[in-house]
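1. what's the 3D shape of this:
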Amino acid sequence: MKLINVEATFDPSVLEAAISLFDDQARKVREMPGCTHYALYRNTTSDGIAIVQRWTDMAAFEAYRASETFAQLGKDLKPKMSTPPVTTIAEIEDA
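-> Model (predicted):
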């Protein structure tokens, strides 16, 4: 099982819009084959968010990253980010 953590920061003036974009896409991502968890968390000490995802394997995660859903989210979000996102990928045991 793959645990994916993505952290991104935004200008405070666009943070709520960024969160809304993630919320709009979350249902589609959760329905993708291999996605077992997809949740957005707001960092209360910065103007950032973290997206925590679990995928059955790297192939499922890569399929998501190759999807139109991921492309559209990136197109909409990247201009709003104040720094590039940081992605961490870990291998975890299936609980």
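2. which SSE is Y64 in?
-> helix 58-65 (DSSP states H and E).
3. elements contacting that helix?
-> Counting contacts by 3 or more CB pairs under 8 Å, 6 or more residues apart in numbering; DSSP states H and E, helix 58-65 is packed against strand 2-9, strand 48-55. No exception for glycine: its C-beta is placed from N, CA and C like everyone else's.
4. make TSV out of the ones you listed and add distance to A17 and mean pLDDT.
-> Formatted as TSV, the helices and strands packed on helix 58-65 follow (distance: least, CB to CB, whole Å; pLDDT from 0 to 100):
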stretch	distance to A17	mean pLDDT
strand 2-9	13	95
strand 48-55	12	95
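5. out of those strands, which gets nearest to V86?
-> Closest approach to V86 among these (CB to CB): strand 2-9, 4.9 Å.
6. for E16, which of the helices and strands packed on helix 58-65 is the nearest?
-> E16 sits nearest to strand 48-55 of all the helices and strands packed on helix 58-65, at 10.7 Å, using CB to CB.
7. for the closest one, enumerate the helices and strands it packs against.
-> By 3+ CB pairs under 8 Å, 6+ apart, strand 48-55 packs against strand 2-9, helix 15-30, strand 35-43, helix 58-65.
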